[in-house]
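Participant: pasting a predicted model and its sequence here:
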Amino acid sequence: MAAKLAIHGGKRTIPDGLIQPWPQVTQSDKDAIAEVIASERITEQQRIQSEGLVKEWAEYMGVQYCIPVNSGTAALHLCVAGVGIEPGDEVIIPAFTFWATAAAVLHHNAIPVFVDIDPVTYCIDPNEIEAKITERTRAVLPVHIHGMPADMDPILAIAKKHNLKAIEDVAQAHGARYKGKLCGAFGDAAGYSTQASKTLSSGCQGGLFTTDDEETYKRAALLQYFGEIVVPGREREEQEYNAYGLGWMYRGDMFSQAFIRSQLKRLDANNALRIENCNYLTKHLSELDGIETPFTPDGCKPVYYNYVVGFNPDALGLDISARTLRKKVQEALRAEGVPTGQWQRLPVPSQEIFQNRIGYGTGCPWRCNNSTVEYKTEDYPRAVEFIDSHCYVFDINPPNDLELMSYYVEAFHKVMDQLDAVLDAPVVS
């Protein structure tokens, strides 16, 4: 007889206290922070940590230039400014992403234009891009979503054909590879988040900008600090207090940068464990009818910022929506102790800021630039379908290992083997 479901009062599958949080903080991480606070001249640490991070991340990525900033959004804004986007220019981005991808475009008085996602990778669909190109289009901004590389070859070919800049959003994909090359090393510029949950974590907030182009770097560097030219550590001696353009205060802090530098030493090892955990889940969960597991295209090496699971009622002969099946199974899995959840609830173009053209006030940047770009939810059916039918399984990160993954698999089997009882239970979330 099958064990009683936790949602009906049975014993939960996942033992209490087994799941460990991310980021994993080691003694070396603590020592890195302690070294900063122990410095007699603590203000010198701002330069030391920033310069150290610049050198180490540029070397890791194999690029010429790096600028540390205070968020992934700021890093993407540096990309938009760095490649020369001007007011009213259009930038093509995927309809499914965190909305900061679009916010970075709006911050520079430019117009986001959305493209539907690939039904397999959930990244931007290269086949949909050219239809959205107009005389105002200046860049395409693919996102390596969930740590899955976007299909860069056709994206770069389209960019070259139409003389567009290519910006990579690598917020969730530090260390992911496309055809042997690190994501972030393909386009004209790339932005990375080091927010606490990311695969390269600051423990709080942070971001990184990279490029191989000197002019792009110089423009981005001005944006990082109020539009001024500043030599770290030489402010008193050399700062002109002369703004060469509109800039923001985007500089990161020394404590988070010290933490990032320490975490970077373990990035590849941590990614390897994420991959091992997720490959185990895929191997075993793919055996379950009605469950769809991530597909990895040839030449791609994802790093699994999140593990994504889809629900297909047709495969089970059920006359219910994928959304209903997902919500019912999620509720049962949570009761078993499996941490699942939603991330984005709407495609980005369906959010109020675009539907009502709120922008940054009085309808700008659309009204200010005579833009006729429209945002219709029905133009992004695959993004809508993905949100309805998929959820995330969390805590696939180190130090969690195959022991926890085996419990996850056990819980999935327990729930899917008693699906009638799961569907009869009320959804409480």
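Facilitator: Sure, I can see it.

Participant: please enumerate the strands of the stretch 51-200 of the chain.
Facilitator: Counting by DSSP state E, counting those that start in this stretch, the stretch 51-200 of the chain has strands at residues 65-69, 90-94, 111-115, 137-140, 165-169, 177-178, 181-182, 189-193.

Participant: what's the fifth one in contact with?
Facilitator: For strand 165-169, the surrounding residues in contact (CB atoms under 8 Å, 6 or more residues apart in numbering) are 76, 79-80, 83-85, 91, 93, 97, 101, 138-144, 150, 155-156, 159, 183-184, 186-191. Bear in mind the C-beta positions are built from the backbone N, C-alpha and C, glycine included.

Participant: what does the second one give?
Facilitator: Judged by CB under 8 Å, 6+ apart, the contacts made with strand 90-94 from elsewhere in the structure are 80, 85, 101-102, 105, 110-117, 123-125, 129, 132-134, 136-143, 145, 164, 167, 169, 348, 371, 373, 383.

Participant: in helices only, show me the contacts of strand 165-169.
Facilitator: With helices taken from DSSP state H, the overlap with these comprises 76, 79-80, 101, 155-156, 159.

Participant: return the closest of those with respect to Tyr307.
Facilitator: The shortest distance between Tyr307 and any of these, using CB to CB, involves Thr101 and amounts to 21.2 Å.

Participant: poorly predicted segments of the stretch 151-300 of the chain, please.
Facilitator: Of all residues in the stretch 151-300 of the chain, those with pLDDT under 70 make up the ranges 231-236, 242, 244.

Participant: and Pro297, how far from Val422?
Facilitator: Taking CB to CB, to the nearest Å as the measure, Pro297 and Val422 are separated by 32 Å.

Participant: buried sites along stretch 348-363?
Facilitator: Along stretch 348-363, these residues count as buried under the neighbour rule (16 or more other CB atoms under 10 Å): 348-351, 353-354, 357, 359.

Participant: are any of the contacts of strand 165-169 buried, and which?
Facilitator: When burial is judged by neighbour count using 16+ other CB under 10 Å, the buried members of these are 76, 79-80, 83, 85, 91, 93, 97, 101, 138-144, 150, 155-156, 159, 183-184, 186-191.

Participant: related to what we said a few turns ago, quick one: the ones in helices among the contacts of strand 165-169 as JSON lines, columns for distance to Gln418 too.
Facilitator: Formatted as JSON lines, the entries for the ones in helices among the contacts of strand 165-169 read as follows, by distance: CB to CB, whole Å:
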{"residue": "Leu76", "distance to Gln418": "45"}
{"residue": "Cys79", "distance to Gln418": "49"}
{"residue": "Val80", "distance to Gln418": "50"}
{"residue": "Thr101", "distance to Gln418": "40"}
{"residue": "Ile155", "distance to Gln418": "44"}
{"residue": "Leu156", "distance to Gln418": "48"}
{"residue": "Ala159", "distance to Gln418": "50"}
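
Participant: for the chain, just list every one of the helices.
Facilitator: Taking DSSP H, the helices of the chain run over residues 27-37, 44-61, 72-82, 100-106, 152-161, 214-224, 235-238, 254-264, 267-285, 322-335, 352-355, 381-389, 402-416, 419-424.

Participant: the ones you listed: which one's closest to Gly310?
Facilitator: For the helices of the chain, the distance to Gly310 is smallest for helix 381-389, at 5.3 Å, taking CB to CB.

Participant: quick one: that closest one to strand 90-94, angle?
Facilitator: Using axes from the mean of the first three to the mean of the last three CA atoms, to 10 degrees, the interaxial angle of helix 381-389 with respect to strand 90-94 works out to 40 degrees.

Participant: let's have the chain start at 709 instead
Facilitator: With 709 as the first residue, the last one maps to helix 1089-1097.

Participant: could you export helix 1089-1097 as PDB, CA atoms only?
Facilitator: This file holds the C-alpha atoms of helix 1089-1097, laid out as PDB (Å, rounded to 0.1, in the frame of the first residue of the first chain):
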ATOM      1  CA  PRO A1089       1.700  32.500 -26.200                       C
ATOM      2  CA  ARG A1090       4.700  30.300 -25.400                       C
ATOM      3  CA  ALA A1091       5.800  32.500 -22.500                       C
ATOM      4  CA  VAL A1092       2.200  32.400 -21.100                       C
ATOM      5  CA  GLU A1093       2.100  28.600 -21.600                       C
ATOM      6  CA  PHE A1094       5.400  28.100 -19.800                       C
ATOM      7  CA  ILE A1095       4.300  30.200 -16.800                       C
ATOM      8  CA  ASP A1096       1.000  28.200 -16.500                       C
ATOM      9  CA  SER A1097       2.600  24.800 -16.800                       C
END
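
Participant: can you list contacts of that helix?
Facilitator: Helix 1089-1097 is touched from outside by 802-804, 824-827, 830, 833, 1000, 1018-1020, 1029-1031, 1033-1034, 1050, 1052-1055, 1058, 1085, with contacts defined as CB under 8 Å, 6+ apart.

Participant: can you give me the buried ones in it?
Facilitator: By neighbour count on 16+ other CB under 10 Å, the buried set for helix 1089-1097 is 1090-1097.

Participant: average pLDDT across it?
Facilitator: Over the span of helix 1089-1097, the pLDDT mean works out to 98.

Participant: got the contact list for the residue nearest the centre of the chain?
Facilitator: By CA atoms, centre = their mean, the chain has its centre lying nearest to Gln880, at 3.3 Å. By CB under 8 Å, 6+ apart, the contact set of Gln880 is 851-855, 901, 906-907, 1013-1014.

Participant: Gly780 now?
Facilitator: Under the criterion of CB under 8 Å, 6+ apart, the neighbours of Gly780 are 808, 879, 899-903, 906, 914-915.

Participant: filter those to the buried ones?
Facilitator: By 16+ other CB under 10 Å, the contacts of Gly780 give 808, 879, 899-903, 906, 914-915 as buried.

Participant: how close does the residue nearest to Lys887 when sequence neighbours are not counted sit to Thr1001?
Facilitator: Among residues not flanking Lys887 along the chain, Gly1007 sits closest, at 4.3 Å (CB to CB, 6 or more residues apart in numbering). Note on Gly1007: its distance to Thr1001, by CB to CB, is 19 Å.

Participant: same deal with Met957?
Facilitator: Between Met957 and Thr1001 the distance is 43 Å, computed by CB to CB.

Participant: so for these two, which residue has more residues nearby?
Facilitator: Set side by side, Met957 and Thr1001 show more neighbours around Thr1001, with 18 against 10, by other CB atoms under 10 Å.
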